[in-house]
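>>> Take this sequence and fold it.
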Amino acid sequence: METMQQPTKDRIFTRYQVFIITIIALIQFSVILDFMVLSPLGEILLKKLNIQTREFGLVVSVYAISAGTSGIIAAGFADKFDRKKMLLVFYTGFIFGTFLCAIAPSYIFLLGARFVTGLFGGVIGATGMAIIADLFKPEVRGRVMGFTQMAFSLSQIVGVPVGWKLANTISWHAPFWLIVIYGLVLGVIILVYMKPITGHLTRNVEHSAIRHLKTTLTNRRYFFAFGTTVLLATGGYMLMPFGSTFSRHNMGLSQDDIFWLYVIIGIVSFILGPLLGKLTDKLGRVRVFYAATLLTAVMVVISTHLHITPLYIAAIINSIMFVGVLGRMIPAQAIMTSIPSPQDRGAFMSISGSVQQLAGGIGSFVAGLIVYQTSSGMLLHYDILGFVIVGAMLITVFMMYLLNKQLTTTQQAPPTLQTEDVAMAS
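Residues are numbered from 1 along each chain as shown. Reported below is the predicted structural model:
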């Protein structure tokens with residue numbers, strides 16, 4: 001790990017660490033927004049491009065599948081280069097892919113543009129997680145994740161509502177143009193102000209990218225974590241793409257109602273995200289994950305069975321559900337950063353991100369097969385989709401229990417068998 005200025009007693013993070021947290025959060029904001037904006041655009045694209053739910057599900061899943069594929073390929077050399085350079089290269093490609101979405105004239109072109117965007121976007125999150133693991137100690141990573149996940153909330157408060165308005169008043173291309181401009185400005189800031197991150201290179205003894213990929217994939221300690229990651233992705237990718245369509249036609253919300261629904265959800269999660277991060281560090285990652293999963297499962301069942309619903313009730317239900325989602329994401333990501341050895345972090349995060357994207361891509365495609373839009377616009381079988389998601393969550397709880405047991409055993413092993421920072425509150 002690079003030598004950095006030590007925090008004072010009154011500061012948990014140095015100013016540069018605060019800058020890094022902010023940069024990672026802002027990057028995550030653009031990547032998350034690029035995915036989440038498809039949810040409010042769903043209803044518009046179904047009409048404008050004259051497609052069915054099955055085709056729209058493919059628009060979502062092709063991004064995830066290409067992101068998963070590129071993550072596997074990138075894993076072999078993810079720990080061979082300065083993480084800043086890796087971040088800039090893939091973020092540039094992501095912006096280019098989003099530009100192609102902004103000029104897409106047809107469904108087929110948009111499908112190809114989403115594929116290109118995914119090729120680069122899928123590695124960005126993994127690189128960001130590797131940077132966090134390099135620069136922050138395990139005992140504060142829950143807090144770091146809480147702050148970086150504010151990007152998720154910010155996309156709800158600002159990005160998605162603005163994207164929804166732009167799409168309805170100008171064109172469905174407009175939200176993608178907004179992301180392109182934002183990304184270009186942020187890319188320049190990263191280029192100028194972010195320092196190289198090369199501390200992991202001094203520990204890297206592998207010289208072959210293929211060999212590094214193989215050893216990471218076949219590491220028994222990592223393998224179960226990859227399996228756990230598969231199911232963690234299922235819920236969001238299956239529920240998110242059809243959220244606006246369900247809200248509009250099944251719950252009876254107007255376009256303005258949906259705008260304010262996203263704003264309210266975002267504000268609640270923006271406020272509670274850092275608190276969930278602190279609770280994760282204080283109470284234990286697994287405890288918070290269990291409680292949040294139970295809360296999310298209950299709210300998913302409720303939300304997928306709604307019919308005509310007033311805005312205030314929809315806002316309460318969805319806000320609680322998204323708090324549960326954050327409560328799962330923050331501790332899960334904090335756990336995953338503690339698993340790999342320093343020299344494997346980039347590869348581990350890339351593979352983990354890949355299996356997450358691939359699982360999510362399959363999940364969104366399956367969701368498109370489960371739900372069906374009638375001629376009136378209503379979605380059928382959305383309640384069945386909710387039960388499928390809850391089933392995946394329950395299996396994930398069991399797998400997280402086993403992963404926690406495995407990490408606890410590793411933590412109690414002799415020092416020579418431990419990684420640098422396998423530390424976890426049970």
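>>> Can you get me a residue count around Val301?
15 (other Cβ atoms under 10 Å). Yep, even glycine has a C-beta here, placed from its N, CA and C like the rest.
>>> Show the average pLDDT along the helix or strand that contains Leu58.
Applying DSSP states H and E as the criterion places Leu58 in helix 53-75. What helix 53-75 shows for mean pLDDT is 78.
>>> swap in stretch 400-412?
pLDDT averaged over stretch 400-412 gives 72.
>>> Repeat that for stretch 351-362.
On average, stretch 351-362 scores 75.
>>> ok, and what's touching it?
Here stretch 351-362 makes contact (Cβ atoms under 8 Å, 6 or more residues apart in numbering) with 60-65, 67-72, 75, 118, 122-123, 125-126, 129, 213, 216-217, 222, 225-226, 229-234, 236-237, 336.
>>> got the CA coordinates for the helix or strand just after the helix holding Leu58 in CSV?
Moving toward the C-terminus from helix 53-75, the next helix or strand (DSSP H and E) is helix 83-102. Once non-C-alpha atoms are left out, helix 83-102 reads as follows in CSV (Å, rounded to 0.1, in the frame of the first residue of the first chain):
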residue,chain,number,x,y,z
ARG,A,83,-5.0,1.5,-10.9
LYS,A,84,-5.3,5.1,-12.0
LYS,A,85,-4.4,4.2,-15.6
MET,A,86,-6.8,1.3,-15.5
LEU,A,87,-9.6,3.5,-14.3
LEU,A,88,-9.0,6.2,-16.9
VAL,A,89,-8.8,3.7,-19.8
PHE,A,90,-12.0,1.9,-18.9
TYR,A,91,-13.9,5.1,-18.0
THR,A,92,-13.0,6.6,-21.4
GLY,A,93,-14.4,3.5,-23.1
PHE,A,94,-17.5,3.7,-20.9
ILE,A,95,-18.1,7.3,-22.0
PHE,A,96,-17.7,6.4,-25.6
GLY,A,97,-20.3,3.6,-25.3
THR,A,98,-22.7,6.0,-23.6
PHE,A,99,-22.1,8.4,-26.5
LEU,A,100,-23.2,5.6,-28.9
CYS,A,101,-26.4,5.2,-26.8
ALA,A,102,-27.0,9.0,-27.2
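>>> Specify the angle between helix 83-102 and helix 53-75 in degrees.
Helix 83-102 and helix 53-75 are oriented at 160 degrees to each other (axes from the mean of the first three to the mean of the last three Cα atoms, to 10 degrees).
>>> Only alpha carbons, please: show stretch 279-290 as CSV.
In CSV, the C-alpha atoms belonging to stretch 279-290 read as follows (Å, rounded to 0.1, in the frame of the first residue of the first chain):
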residue,chain,number,x,y,z
LEU,A,279,-23.7,0.5,11.6
THR,A,280,-21.8,-2.0,9.4
ASP,A,281,-18.5,-1.1,11.1
LYS,A,282,-20.0,-1.0,14.6
LEU,A,283,-22.5,-3.9,14.7
GLY,A,284,-20.8,-6.2,12.2
ARG,A,285,-21.2,-6.7,8.5
VAL,A,286,-23.0,-10.0,8.6
ARG,A,287,-25.6,-8.8,11.2
VAL,A,288,-26.5,-5.8,9.1
PHE,A,289,-26.7,-7.9,6.0
TYR,A,290,-29.1,-10.4,7.6
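>>> Counting neighbours, which bits of it end up buried?
The neighbour-count check on stretch 279-290 (16 or more other Cβ atoms under 10 Å) flags 279-281, 284-290 as buried.
>>> Also stretch 36-50?
Going by 16+ other Cβ under 10 Å, stretch 36-50 has these buried residues: 36-46, 49.
>>> Contacts for stretch 169-181, please.
For stretch 169-181, contacts defined as Cβ under 8 Å, 6+ apart pick out 30, 33-34, 37, 41, 44-45, 48, 95, 98-99, 101-104, 159, 162-163, 166-167.
>>> Kindly report the same for stretch 105-119.
With Cβ under 8 Å, 6+ apart as the test, stretch 105-119 has contacts from 34, 45, 49-51, 55, 58-60, 62-67, 69-70, 93-94, 96-98, 100-101, 104, 357.
>>> The residue lying closest to Tyr182 once chain neighbours are set aside and Met145, how far apart?
In space, and not counting its chain neighbours, Tyr182 is closest to Ser30: 5.8 Å by Cβ to Cβ, 6 or more residues apart in numbering. From Ser30 across to Met145, the span is 18 Å (Cβ to Cβ, to the nearest Å).
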